[in-house]
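Peer 1: sharing a model prediction with you, sequence too.
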Amino acid sequence: MEKFQCTTDEIKRQAKQIKERFFEETKGEHLVIFGCGECGHKIYNLLNSYDRSVLCFCDNGIAGGVDQPTGLKIIRPEELSSTVSNPSILVSVGDESACQSICQQLLSFGCEKTQIHIMNEYFYWQTWEYFESNIERYRKVYQLWEDKFSRTVYLEKLKKAFGLSSISGIVRPSEEEYFDEVITLTENEMFIDCGGFDGDSAVRFIERCGGKYRGIVIFEPEMCKREAIERSMDGRQYELVQAGVWSENTKLCFDARGTSSSHISQQRGGCLIETVALDETVHDRKPTYIKMDIEGAEQEALKGCRKIIQDYRPKLAVCIYHKPEDLFEIPIMIKEMNPAYKLYVRQYADAWYDTVLYAV
C-alpha cells in the first residue's frame, strides 16, 4: 500500500496546482462559457462547485434560447460585446481544432486575447475533493487487482484523471483492446458484444479464436449501424439485436449521434430505444465472453446480467472510463457478484478513455 499512499500524495500536489491554474484562468467577474455541449457543462459544474457565477452561454449552433440544465441564456458570438461588459470567455469544446477556430472567430469580433481562455483540458479533470471523498473506494479497488501491472495501470490512471499527467508508459497497443493476453479463447465461445458499433469487435473476436466459436450476439441500438455491421461480418455466423443493454427490459431516451459516442440519455429528446437485460435475453445461450463498451451504461448493464455472472462466470471486458465513479464502482460490483473472478485492468490510450477491466 506504500505505492498507493505515494500516488495519493502526488495527486494532492498536482491537483492543487491545477486548481490554482483553473482559478487564475476563470478570475474574471463576467464569465461566459462558449460551448453548450458536454465540455461547456463540465466547466459550468466545476465553476459552480467553487461558487463561481456564470453570466450566460455562447454558442454558434443553438443560440437564442435557454440552456435547460442550467437555466442560463444562450447568446450568439456577435452579441457578446453588446450583452456583456468586459467578458472573460471560457472556450469549452472538446475538439482542439474547434477551440482554435472559435478563438479566431472571437478575435474577429473585436475580443482581446486576454479575454479568451481555452478550457478543454479541464473537460476530463477530476478534483482533489472528489478523490478525497472516495479515497477508501480507490484503495479497496487497488487491492482487488490480480497482478502488479494492473495496480500500476490503476495508479497511473488516477494520476491522469486528477493530475492530468501523461500515462504513455503503461499504454497497450490499441489492437489488443478487449482481447488482452489475460483472455484465453476456445472453440466453444459464446461472445456477447454489447455496443457492437460497426462490428469491429466481433471481427477481432473471430480472428482471435481462429474463426471457430459457438456463437456471437451483437447488441447495437442505432439503426444506422446495421448495414456497417453486415458489411463487417460478411456472411459470418452472428445474431444482431437492435437494442441497448440495461438492467431491465424497457424503453429509454437515446442520443443517437451515428458515432461511437452515441449513448443512453437522462434528458428528454432524441429518440426512444428498446433496452434489454442480458439475463432475460441470452442467459440460455450460456455466454462465455461478454464485452461492454456502452458509453456509461455499463453499471446498469452489469446489474442486468447478475444471474449470468453468478451461474456461468463468463469472461468480461468492461470499459470503466465513461463515468468518474466507474473506476471504483464497477470492479467492486463485479467482485461482489462473483468473488471467484480475478480482475485485471489495461489502458489503450494516453487519454481519459480506453480503460478496460478484465474479469476471468
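Peer 2: Arrived safely, thanks for sending.
Peer 1: pLDDT below threshold where in the stretch 251-360 of the chain?
Peer 2: Scanning the stretch 251-360 of the chain for pLDDT under 70 picks out 254-270.
Peer 1: that one: helices as residue ranges?
Peer 2: For the stretch 251-360 of the chain, applying DSSP state H, counting those that start in this stretch gives helices covering 278-281, 298-303, 306-312, 326-337.
Peer 1: residue 76: which of those helices is closest?
Peer 2: Closest to residue 76 of the helices of the stretch 251-360 of the chain is helix 326-337 (C-beta to C-beta; 36.6 Å). Quick note: C-beta positions are derived from backbone N, CA and C, even for glycine.
Peer 1: what's the closest one packed up against?
Peer 2: Counting by 3 or more C-beta pairs under 8 Å, 6 or more residues apart in numbering; DSSP states H and E, the packing neighbours recorded for helix 326-337 are helix 135-144, helix 148-163, helix 298-303, helix 306-312, strand 315-319, strand 343-347, strand 355-359.
Peer 1: residue 136: neighbour count?
Peer 2: When counting by other C-beta atoms under 10 Å, one arrives at 9 neighbours for residue 136.
Peer 1: so what pLDDT did it get?
Peer 2: At residue 136, the pLDDT value in this model is 98.
Peer 1: could you measure from it over to residue 336?
Peer 2: 16 Å (C-beta to C-beta, to the nearest Å).
Peer 1: out of the helices of the stretch 251-360 of the chain, flag the one nearest residue 201.
Peer 2: Comparing the helices of the stretch 251-360 of the chain by C-beta to C-beta, helix 298-303 comes nearest, at 14.7 Å.
Peer 1: quick one, what contacts the residue nearest to residue 340 when sequence neighbours are not counted?
Peer 2: Nearest residue to residue 340, sequence neighbours excluded (C-beta to C-beta, 6 or more residues apart in numbering): residue 313, at 6.1 Å. Contacts of residue 313 were listed using C-beta atoms under 8 Å, 6 or more residues apart in numbering, and they are 338, 340-341.
Peer 1: who wins for neighbours among the residues you listed?
Peer 2: With neighbours taken as other C-beta under 10 Å, the top of those is residue 341, carrying 21 neighbours.
Peer 1: identify the residues contacting the residue nearest to it when sequence neighbours are not counted.
Peer 2: Leaving aside its sequence neighbours, residue 341 sits nearest to residue 359 (C-beta to C-beta, 6+ apart; 4.3 Å). Neighbour list for residue 359: 315-316, 318, 334, 338, 341-344 [criterion: C-beta under 8 Å, 6+ apart].
Peer 1: just the closest of those residues to residue 95, please.
Peer 2: Within these, the smallest distance to residue 95 is 27.1 Å, found for residue 318 (C-beta to C-beta).
Peer 1: just to revisit the earlier point, tell me how far the residue nearest to residue 341 lies from residue 119.
Peer 2: The gap separating residue 359 from residue 119 is 36 Å, by C-beta to C-beta.
Peer 1: swap in residue 150?
Peer 2: For residue 150 relative to residue 119 (C-beta to C-beta), the value is 33 Å.
Peer 1: of these two, give the one with the bigger neighbour count.
Peer 2: Neighbours of residue 150 and residue 119, each counted by other C-beta under 10 Å, are more numerous for residue 119; the result is 25 against 22.
Peer 1: what's the first-to-last distance across stretch 282-290?
Peer 2: End-to-end span of stretch 282-290 (C-alpha to C-alpha, to the nearest Å): 11 Å.
Peer 1: make 34 the starting number, not 1.
Peer 2: All right, first residue 34 from here; so that's stretch 315-323.
Peer 1: enumerate the positions of it that are buried.
Peer 2: Going by neighbour count (16 or more other C-beta atoms under 10 Å), the buried part of stretch 315-323 is 315, 318, 320-323.
Peer 1: if anything else comes up later, I'll come back, but that's it for now.
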